[in-house]
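what follows is a predicted structure for the sequence shown.
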Amino acid sequence: MATANSLRALLLLSLFLLNSFQSESAVASIDLGSEWLKVAVVNLKPGQPPISVVINEMSKRKTPSLISFHADSRLIGEESLNLLARYPTKVYSHLPSLLAKPYTFTRDFLQKLYLSSEIAPEDPREVAVFKAESGKFGNFTAEEMVSMMLKYAVGLAETHAKTSLKDVVITVPPFTGVAERRALLVAADLAGLNVLSLVNEHSGAALQYGIDKDFSNGSRNVVFYDMGASSTYAALVTFSAYNAKESGKTVSINQFQVKDVKWDIELGGQNMELRLVEHFTDEFNKQVGNGVDIRSSPKAMAKLKKQVKRTKEILSANMMAPISVESIYDDRDFRSTITREKFEEICEDIWEKALVPLKEVLKHSGLNADDLYGVELIGGATRVPKLQAKLQEFLGRKELDRHLDADEAIVLGASLHAANLSDGIKLNRKLGMVDGSTYGFVFELNGDDLVKDETTRQLIVPRMKKLPSKMFRSIVHNKDFEVSLSYENEDLIPPGASSLTFAQYDVSGLKDASDKYSSRNLSSPIKASLHFSLSRSGVFSFDRAEAVIEITEWVEVPRKNLTVDNSTSASANNTDADASASEESSDKLETNNGNTNISDSSANDSSNVDLGTEKKLKKRTFRVALKVIEKTRGPGMPLPKESFAEAKLKLEALDKKDAERRRTAELKNNLEAYIYSTKDKLESEEFEKISSAKERKSFIEKLNEVEDWLYTDGEDAAATEFQERLDMLKAIGDPIFLRFNELTARPAASQLAQRYLTELRQIVQGWEKDKSWLPKERIDEVTREAEKLKNWLSDKEAEQKKISGFNKPAFTSDEVYEKVLDLQDKVASVNKISKPKPKPKVDKTDKENTTSEEQSKADSDKAGSDKANVETEAHDEL
C-alpha cells in the first residue's frame, strides 16, 4: 500500500513540475528524523526523473540516523548500523533531538533509552559534547554531528542527481523551539548548505496531500496524525481555493492553512519498543537468576533493542512474533515469543495517551470528529493495528485515511516547497501554504527608569501567527536598556527548555543620542523603535533598534513669490498652524514654488526678483541606529565565530580523511579484483597462444606476492601503495592482455579495412562518371592514400605471420582503424565539393533595354541635380 502510494505520488508530482530556468537546476529536501533520514530531489537535468526519493549506498530509501567512530574511521548511516550491536558505545543516535539541549537533559534522555554514548558538559553553553574515538579531532557537539549527517544526505542527493547541489529544505517537528531551529541552521551552515527554509513536518505532509487535489467545490478540514519514533502530533489543516486573475483569465488556486497543532513529545514508537525491551529483559534476568540484570550491559541492551524493533514490526502483521538474540550476555542466547494481545496489554496506557493530541486539536478548534473530511496517518508507528483501532473508535470511522506514504509523505512535500522557493524550478500546479508559529512569543524590556507596564512586556507573536512576518514596537525612553525574548507561557515550551527566555540583547546608544539632542526643541519625547521578525523557518528574532528624535525649530526658507491678491490672502490667513508646517510639507511647497518661477520666467520678469528669505517653524525627524549585542547564555547561545571557524576546519579535515579512506578502499578493491580476474584468465587455454609458460609462471608468482602483501602488511597501507602495486602488475599484464585481445581484434580490423578499400574503388568510379567537376588532383590524392593503406596492411600482415604470438604484434587493430578513419576523412572532404553553379545567360534585347533604362535613370538624376542647384542659388540670392 505504501509503495503504491509512493509511486503514485511521484508520478503526479512529476507532472506538476515546470523547468522555468536552467535545465541543470536541482534542489533537495531532507527529513531529519530521530531514527531515520530520508532525502528527496527535484531535478530537471535531462534523463533524470523530476522528483524522486534518493536511495543510499545499500539501495534503501531511508537511512539510519547514526554516526560512529571506529578504527580511526568515521561511519555514517548503514555502516554505523552494522556496529550498533557490537560497539554500542561508539555509535551515536537521536542527534537532531539533542540540538541546543542542556547537558542534564541529554544525559537523562540517553539513559532513558539505554544509550551508552559518553558525554561531557561544555562551557559556557552548558550543552553536552560527545566523546568520540576520533584521534586528533577530539569531541563533537550536537551541531557538528548533525552537520555530518546533513553533508552525508546531500552527498546522496548529488550522487542521485549527478550534479552539485547546495539548496535544501529541512523538515522539523512542530515542537522545535527557536534555539533548536537556530542550531540546526548552524549545522547546515557548517555543512556548506544553503537552507531555503526549515519547514514543519505537518506542512510538508499537507503539501504532498493537496498538490494533486481540487478544492474549488468547498473547503476541507484534514487532520494529519503523525506518530514517529519519539513523538506524536496532530495538525489541523484547512484546504480551500480562491479565484485569481492570470493572463486575463479567472483561475482557481488551491491553498491550505495550518489552523492548530498539538503534540506529545514523549510518546512515540520507541515507547512501545521500550515496553517490549523491559518485558524481555525481565524474562531473561529471571531465566539466568543469580541477581543478573542485563540493563547494566550496554552491549546486551543494544542487541536486545535491535531485535525488539523487528519483533514489533512482525506483530503489526501477525498475531505472534518470535525474538532471538544470540550471545546476549555471558555467551548465553535468548529466545522467546510474544503475542499481539500481550504486546497490547503491556502498552495499554499508550493507546489512551495517543488520542490526547487529536482530542486537544479538535477541542481547541471547536470542531467535532464529524467535521473532519479526513484523518491522514503518517509516521512509522501508525502502522500498529491497536493504535489504528483506537483512532477509528474515537473518530467513529470504519476506515482511516492512508492516501500518503507513512514514511515518505513529509520529505516529498518538503521537496515541493524547495522547488517553489528555488530560483530555477517552478510548479505548474500552485498550492498556497499558510503555516504559523507553533509557539507564542513575548518581548520584555529592562533598564534604568523603565516602568514595568504593558509597554515593557508584550505578547508580540500570538500562537499560529503567519510565517514569515515582521513587526516593530516603539517605547518612550532615553537610556540604554535590555531586550529579552521569551515563550508565551510555561505550559507550552520546547522539550528540555529550562527557562521561558531564549534570547537576550543589550541595546546601547540611546542615552548618547538623548544627550546629543536633548538641548534641541523636542516636539515629542525621544523614542526607541524596535524591529522584530518571524522568519519562514519559524525563528523569532530581534533584528535592530533605532532612536527616533523629533525636533521643531525655526529655519530660513526662501520667501514665497505671491501676487498682490495672494499676498493679501496669505497675510489675512497667516496662522500658527501654517507657521509650524512640517519639514516634508515645506519642502513640497518650496519645490512647487520653484517650478512656478521657472515656468513663468518668460512671461513675467518680475518673478526673477530676489524677495529674500523668511523664517518658518519646521519639524525634523532624526533616526539614529542603536547598537544591539546579543548576550544570550546557555544552550541557546549562538556559536562564537572562533568556535564556528574551528568546527568548520575540523569537519573539513574529517571530510578529507573520509575521502582518502574511500579512495584507499576503492584502490584496494581494484587491486584485489585485478589479481583474482588475472589469475583466472591466465589459466585459460587461449593465453597459451600468446604467452610462454615461463612468462605466465613469473606473472602468477608476482600476483601471489602482491596478494600475500595485500592481506598482511597491506591491511593498513595507504592509497598510494595500492596504486603503485596495481600499476606494477599492469605493467607486466598489459602487454600480455594486448596480445590476447589482438588475436581477434586485429583480423577483424584488417577485414574491415579490406572491405572499405573495395568500396572505395566503386566510390572513385562513381566520381569519375557522375561528378566530372571534382578536381582530378583531389581524386588522385585519395587513390594514392588508398594504395598506401593497401600496401601497409599487406606488409604488416606478412610481418605478423613471421612473429611469434609471444612477442609484441607487428601492428594493432587500433592502428588499422586510425588509418581507415584518416582515409574516410579525405573521402568525405572530396564528397563535400559541390557542383559549381552555371553562369546566367544575358539576352541581347534584355541588355539593350537595361542600357536604355540605366541611361534614362542617369538623365533623370542629372535633371534633379540641376534643379536642386538652381533652388540653392535662388535661396542664396534671397
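Arrived safely. In this text the structure is predicted, and so the values were computed from the model without any measurement. Residues are numbered from 1 along each chain as shown.

for the spatially most central residue of the chain, which three-state class applies?
Per C-alpha atoms, centre = their mean, the C-alpha nearest to the average position across the chain is that of Val168, at 1.6 Å. Put simply, Val168 is strand when judged by DSSP: H, G, I helix; E, B strand; the rest coil.

and the pLDDT at it?
Note on Val168: pLDDT of 97.

next helix or strand past the lengthiest helix in the chain?
Longest helix in the chain by number of residues (criterion: DSSP state H): helix 719-770. Elements were assigned by DSSP states H and E; along the chain past helix 719-770, the next helix or strand is helix 776-802.

list the residues that contact the residue nearest to the centre of the chain.
Val27, Ala28, Ser29, Ile30, Leu150, Val154, Ala188, Leu193, Asn194, Val195, Leu196, Ala418 (C-beta atoms under 8 Å, 6 or more residues apart in numbering). C-beta here means a position set from N, CA and C on the backbone, and glycine is covered the same way.

list the strands paired with whichever helix or strand the first one is part of, with their directions.
To tie it back to what came earlier, the one meant is Val27. Using DSSP H and E, Val27 sits within strand 26-32. Sheet pairing of strand 26-32 (DSSP bridges) gives strand 36-43 (antiparallel), strand 167-172 (parallel).

all strands of the stretch 601-750 of the chain, in order?
Taking DSSP state E, counting those that start in this stretch as the criterion, the stretch 601-750 of the chain carries its strands at 613-625, 627-630.

so where's this structure shaky on pLDDT?
Low-confidence segments of the chain, defined by pLDDT under 70: 1-24, 561-610, 839, 841-878.

again, only this time at 80
For the chain, the stretches flagged by pLDDT under 80 are 1-25, 44-48, 134-136, 138, 424, 426-430, 559-612, 837-878.

just checking, what packs against the longest strand along it?
Secondary structure of the chain per DSSP state E: the longest strand is strand 540-558. Packing contacts for strand 540-558, counted by 3 or more C-beta pairs under 8 Å, 6 or more residues apart in numbering; DSSP states H and E, involve strand 481-487, strand 501-508, helix 510-517, strand 527-534, helix 583-600, strand 613-625, strand 627-630.

how does it look with 6 Å?
On a contact count with 3 or more C-beta pairs under 6 Å, 6 or more residues apart in numbering; DSSP states H and E, strand 540-558 meets helix 510-517, strand 527-534, strand 613-625.

of all these, which one is nearest Ile732?
The closest of those to Ile732 is strand 527-534. By C-beta to C-beta, the value is 68.5 Å.

just the C-alphas of that closest one, formatted as CSV.
Output of strand 527-534 as CSV, limited to C-alpha atoms (Å, rounded to 0.1, in the frame of the first residue of the first chain):
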residue,chain,number,x,y,z
LYS,A,527,11.5,57.1,21.4
ALA,A,528,13.3,53.8,20.6
SER,A,529,11.9,51.8,17.7
LEU,A,530,12.4,48.0,18.0
HIS,A,531,12.2,45.8,14.9
PHE,A,532,11.4,42.1,15.1
SER,A,533,11.0,39.3,12.6
LEU,A,534,9.5,35.8,12.4
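
report the buried residues of stretch 389-400.
The neighbour-count criterion (16 or more other C-beta atoms under 10 Å) identifies Lys390, Leu391, Phe394, Leu395, Leu400 as the buried residues of stretch 389-400.

contact partners for the third one?
Same thing as Phe394. Phe394 is in contact with Leu355, counting by C-beta atoms under 6 Å, 6 or more residues apart in numbering.

what's the helix or strand for it?
Counting by DSSP H and E, Phe394 is part of helix 385-395.

quick one: distance of stretch 173-185 to the chain centre.
Distance, stretch centre to chain centre, for stretch 173-185: 17 Å (C-alpha atoms, centre = their mean, to the nearest Å).

so what touches that stretch?
Outside stretch 173-185, the residues that touch it by C-beta under 6 Å, 6+ apart are 99-100, 143, 195, 198, 200-201, 231, 233, 261, 263, 265, 438, 494, 502, 537-540, 636.

which of these fall within strands?
If you go by DSSP E, those have Val195, Leu198, Asn200, Tyr233, Val261, Trp263, Phe502, Phe540 in strands.

tally of neighbours for the closest residue to Glu122 other than its chain neighbours?
Closest residue in space to Glu122, ignoring its immediate chain neighbours: Val129 at 4.7 Å, by C-beta to C-beta, 6 or more residues apart in numbering. Neighbourhood size, Val129 [other C-beta atoms under 10 Å]: 20.

name the SS class of Val129, please.
Taking three-state DSSP, the label given to Val129 is strand.

now for the longest helix of the chain, which elements pack on it?
Here helix 719-770 touches helix 641-682, helix 776-802, helix 813-831, going by 3+ C-beta pairs under 6 Å, 6+ apart.

just put those helices in JSON lines and tack on distance to Ser508.
Formatted as JSON lines, those follow (distance: least, C-beta to C-beta, whole Å):
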{"stretch": "helix 641-682", "distance to Ser508": "20"}
{"stretch": "helix 776-802", "distance to Ser508": "87"}
{"stretch": "helix 813-831", "distance to Ser508": "77"}
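
can you lay out these as TSV showing mean neighbour count?
Conversion of those to TSV gives the following (neighbours: other C-beta atoms under 10 Å):
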stretch	mean neighbour count
helix 641-682	14
helix 776-802	13
helix 813-831	15
